[in-house]
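Enquirer: Dropping the sequence and predicted coords here.
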Amino acid sequence: MATAERTTPTRASWVRRGVFGLVLMLLALVGGTAFRVWQVARENDRTEADIIVVLGAAQYNGKPSDIFSARLIKAKQLYDAGVAKTIVTAGGKKAEDNFTEAQAGALWLTRHGVPASATLAVGEGNDTLRSLRAVAQQVSAHGWHTAVLVSDPWHSFRARTMAGDLGLEAWTAPTHSGPVVQERVTQLRYIVRETGALLYYRLTRTPADDLFETFLG
């Protein structure tokens, strides 16, 4: 009875297997990250904390954009519910601006019933990482330890990851209203953007805000 001959894998076949395995690993990494972006976006942790941190967005001469306003509304809801006694607004400004994002946010809050003594504007940083770094310095200076981060749903996982790397114990209570959550196409676009930005940050430990804003518009 004849026995089948075993063939030794060629170098080319080993290369093909290696490439296939690498592709599978990359797909798992990207897919797993995208799933976590989506998963954290659905969280709404209202656990009490030392502070509520509102991450900045565009403002126009002191008036928050619709996206920024949605974040501020959520922060005020948390404040009114007793989640924290202080709201920290974060974000710097462009050279031509009269207000920082942080100032515009604090001004909005005081105009909507939050005492000025319960707000702290940290007007540094033009991207998530630098803004959170400035916030982390203020947190340390005031003896605070915990924070609830308020941002857009799809931005929450990246913000929380960066906050943790900066030594800030933080959880997220994202907005669930506003322009970025109204249409599924917009939601998908932001999930793709945030997945790429988070992977870039994990690889380089530098912010990808400007890079992905240029790439995805």
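Expert: Arrived safely.
Enquirer: Name the residues of the helix or strand encompassing F68 that are buried.
Expert: Assigned by DSSP states H and E, F68 belongs to helix 66-80. By neighbour count, with 16 or more other CB atoms under 10 Å as the criterion, the buried positions of helix 66-80 are I67, F68, S69, A70, R71, L72, I73, K74, A75, K76, L78, Y79. Backbone N, C-alpha and C define where each C-beta goes, glycine included.
Enquirer: all helices of the protein, in order?
Expert: When assigned using DSSP state H, the helices of the chain occupy the ranges 11-41, 66-80, 101-111, 128-142, 156-165, 184-204, 209-216.
Enquirer: Switch the buried residues of helix 66-80 over to JSON lines; also include pLDDT and distance to W154.
Expert: Converted to JSON lines, the buried residues of helix 66-80 look like this (pLDDT from 0 to 100; distance: CB to CB, whole Å):
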{"residue": "I67", "pLDDT": "92", "distance to W154": "12"}
{"residue": "F68", "pLDDT": "95", "distance to W154": "15"}
{"residue": "S69", "pLDDT": "95", "distance to W154": "18"}
{"residue": "A70", "pLDDT": "94", "distance to W154": "13"}
{"residue": "R71", "pLDDT": "95", "distance to W154": "13"}
{"residue": "L72", "pLDDT": "97", "distance to W154": "18"}
{"residue": "I73", "pLDDT": "96", "distance to W154": "18"}
{"residue": "K74", "pLDDT": "96", "distance to W154": "15"}
{"residue": "A75", "pLDDT": "97", "distance to W154": "18"}
{"residue": "K76", "pLDDT": "97", "distance to W154": "22"}
{"residue": "L78", "pLDDT": "97", "distance to W154": "19"}
{"residue": "Y79", "pLDDT": "97", "distance to W154": "23"}
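Enquirer: would you turn these into a markdown table with distance to D152?
Expert: Conversion of the buried residues of helix 66-80 to a markdown table gives the following (distance: CB to CB, whole Å):
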| residue | distance to D152 |
| --- | --- |
| I67 | 7 |
| F68 | 10 |
| S69 | 12 |
| A70 | 8 |
| R71 | 7 |
| L72 | 12 |
| I73 | 13 |
| K74 | 10 |
| A75 | 13 |
| K76 | 16 |
| L78 | 15 |
| Y79 | 19 |
